[in-house]
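sequence and computational prediction follow.
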Amino acid sequence: MDLLRFITAGSVDDGKSTLIGRLLYDSKNIMVDQLEAIEKQSKNKAAGEIDLALLTDGLRAEREQGITIDVAYKYFNTPTRKFIIADAPGHIQYTRNMVTGASSANLIIILVDARNGVAEQTRRHSIIASLLQIPHIIVAINKMDLVSNSPDVYNDIVIEYAAVAKRLNLKDVRFIPISALNGDNIVDRSSAFSWYEGETLLEMLENVAVAKDINLEVSRLPVQYIIRPQSEDLHDYRGYAGKIISGKYRKGDEIKVLPSGQRSRISSIEIAGHQVEEAFAPQNVIINLTDDLDISRGDVLVKPENTGRIEQEFESLACWMDFKPLVAGNKYILQLHSRQVKCIVKSIDYRLDVNTLERIKHPAKASLNDIVSITLKTASPLPFDSYSELRANGGAILIDESSYLTVGACMLQ
């Protein structure tokens, strides 16, 4: 059974938390005790209504204000697929939270209030989805019951958003009319939309082809851990454990270690204690080599015919997540998978206006939630791929050297 990670995004009060609550409720993925708890806390319980948004709005401030602040993660499954949902906040000041939730998503559901059409935050979240290269997008046009379930309103929004998608070069975009509050077209097909002939939201989530999103041509295995039991029966054992983030490996394949450039061949591959002939992304494996090489945590095992890039100075798009501003000359730790290197920000090349896509050249600093292009120089060579070419090996984070807090999300260019 495969796994789909998806995130919901949209403007404030577009119904993101209610949508997730309805999806869990109608697909029977809510425990009895959870249901009893939200029934007690529902504001409209006198009228017999359950406030399904309470399932994800877990912070006290969220429930008091009726908004989402933090990213809430929920897990559920159907007979065909497992799901991890990230409910992202809609306010502009929480853009960094949205980027955090979207960074590992296969799909994004962008909610649009049928009464308001494509709003500023709709464009903002679509631009972020484009920058993060989220492969699949569902535009859920919500609150259709408040516009009399009008197909004309729905079609006008589809046309308006299609123009945004074309400008941002978004590939797989699907549209659906819904009412999260009433449960129309969420899990069950609604008679209120007799003019809509497409899938329900859950059917879309179950049927979207995520296996094709994994690159099986370019092989990358960042080493997480060196296994040396040094026991009597495994005296010479040396295994390199990690998760294959792309590509595949077979017993006998020649491999190259980055950044050192050493070469060897795979003598065996283990998965969950069993030897296999072949492994592929996104499996966790232990690889043994025919030669004893000096390999450390953070090194990357690749195929010699496609090694990617090894550089010490490069550009990166960064979403700034710290209250302290980013200025040229600041030093940080750059982490890409299990590899950490010290780096310095040589320059801030431009700030991206996420509403107009305008580039403001050479700003003096980057503030919280800004998206900027920066030039980084690392203390040692970093093996990586351009985010646009291989998303799995192009996303990194910047870490503050003193507090060790994550201060920036990077898309290496």
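On my side now, so go ahead.

going by C-alpha atoms from here, please, whenever you check contacts or count neighbours.
Will do.

got the phi/psi numbers for the residue positioned nearest the centre of the chain?
Geometric centre of the chain, nearest residue: residue 104, 2.2 Å, by CA atoms, centre = their mean. Per-residue torsions, residue 104: phi -110, psi 10 (degrees, to the nearest 10).

which residue is the nearest non-sequential neighbour of it?
Spatial nearest neighbour of residue 104, chain neighbours left out: residue 5 (7.2 Å); criterion: CA to CA, 6 or more residues apart in numbering.

packing partners for the stretch of helix or strand that neighbour belongs to?
Assigning secondary structure by DSSP states H and E places residue 5 in strand 3-10. In terms of contacts (3 or more CA pairs under 8 Å, 6 or more residues apart in numbering; DSSP states H and E), strand 3-10 is packed against helix 16-26, strand 82-87, helix 95-102, strand 107-113, helix 120-131.

confidence-wise, which of those is weakest overall?
Sorting the helices and strands packed on strand 3-10 by mean pLDDT places helix 95-102 lowest, at a mean of 72.

what stretches of the chain score poorly on pLDDT?
Counting by pLDDT under 70, the chain contains low-confidence residues at 1, 30-72, 88-96, 230-235.

relative to helix 95-102, how tilted is the helix or strand hosting residue 380?
Element membership of residue 380, judged by DSSP H and E, is strand 371-384. Taking axes from the mean of the first three to the mean of the last three CA atoms, to 10 degrees, strand 371-384 and helix 95-102 form an angle of 40 degrees between their directions.

so what's the nearest residue to residue 271 once chain neighbours are set aside bridging to?
Take residue 271 and drop its neighbours on the chain: the residue closest to it by CA to CA, 6+ apart is residue 285, 5.0 Å away. Applying DSSP bridges to residue 285 yields these beta-bridge partners: residue 242.

surely residue 336 and residue 396 touch.
Yes. Because the distance of 4.6 Å satisfies CA atoms under 8 Å, residue 336 is recorded as touching residue 396.

adjacent strands (with direction) for whatever helix or strand residue 407 lives in?
Counting by DSSP H and E, the element that carries residue 407 is strand 406-412. The strands beside strand 406-412 in its sheet (DSSP bridges) come out as strand 309-320 (antiparallel), strand 395-400 (antiparallel).

and it, which residues are buried?
If you call a residue buried by 16 or more other CA atoms under 10 Å, then strand 406-412 has these buried ones: 406-412.

now stretch 178-192
Neighbour-count burial for stretch 178-192, with 16+ other CA under 10 Å as criterion, is recorded at 178-181, 183-190, 192.

export these to TSV and tack on distance to residue 311 and secondary structure?
Written out in TSV, the entries for the buried residues of stretch 178-192 read as follows (distance: CA to CA, whole Å; DSSP: H, G, I helix; E, B strand; the rest coil):
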residue	distance to residue 311	secondary structure
178	48	coil
179	50	strand
180	48	coil
181	51	coil
183	51	coil
184	52	strand
185	49	coil
186	47	coil
187	48	coil
188	52	strand
189	52	coil
190	54	coil
192	57	helix
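
how deep is the residue nearest to residue 271 tucked in, by neighbour count?
Applying other CA atoms under 10 Å, we find 25 other residues in the vicinity of residue 285.

likewise for residue 16?
The burial count assigned to residue 16 is 30, neighbours taken as other CA under 10 Å.

now swap in residue 265 and tell me
By other CA under 10 Å, the residues close to residue 265 number 17.

do you know how far it is from residue 252?
When distance is defined by CA to CA, to the nearest Å, residue 265 is 6 Å away from residue 252.

and for residue 274?
Taken as CA to CA, the spacing of residue 274 relative to residue 252 amounts to 17 Å.

about what we covered before: point out the most buried one among the helices and strands packed on strand 3-10.
Ranked by mean neighbour count under mean count of other CA atoms under 10 Å, those are led by strand 107-113, which reaches a mean of 25.

now do that strand: distance to the chain's middle.
The chain centroid and the centroid of strand 107-113 are separated by 14 Å, computed with CA atoms, centre = their mean, to the nearest Å.

residue 291 contacts residue 264, doesn't it?
Yes. Between residue 291 and residue 264 a contact is recorded at 6.1 Å, counting by CA under 8 Å.

nearest to residue 208, of the buried residues of strand 406-412?
Set against residue 208, the nearest of the buried residues of strand 406-412 by CA to CA is residue 411 (25.1 Å).

got the contact list for that closest one?
With contacts defined as CA atoms under 8 Å, 6 or more residues apart in numbering, residue 411 is in contact with 132, 316-318, 386-387, 394-396.

out of the residues you listed, what pair is the most spread apart?
Put simply, by CA to CA the two of the contacts of residue 411 set farthest apart are 318 and 386, 13.5 Å from each other.

of those two, which one has the most company?
Remark: of residue 318 and residue 386, residue 318 carries more neighbours, 24 against 19, as counted by other CA under 10 Å.

that older thread, okay, residue 274 and residue 252: which has more neighbours?
Neighbours were counted for residue 274 and for residue 252 using other CA under 10 Å; residue 252 has more, 16 against 9.

look up how far residue 258 lies from that one.
Going from residue 252 to residue 258 by CA to CA gives 19 Å.

what of residue 247?
Residue 247 is 16 Å from residue 258, where distance means CA to CA.

about what we covered before: reformat the buried residues of stretch 178-192 as TSV; add distance to residue 379.
Putting the buried residues of stretch 178-192 into TSV (distance: CA to CA, whole Å) gives the following:
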residue	distance to residue 379
178	52
179	53
180	51
181	53
183	54
184	55
185	53
186	51
187	52
188	55
189	57
190	58
192	61
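
how's this protein carved up into domains?
The record assigns the chain these domain ranges, following automatic domain parsing: 3-213, 220-302, 309-412.

endpoints of the first one, how far apart?
The reference is to domain 3-213. Across its full length, domain 3-213 reaches 12 Å end to end, with CA to CA as the criterion.
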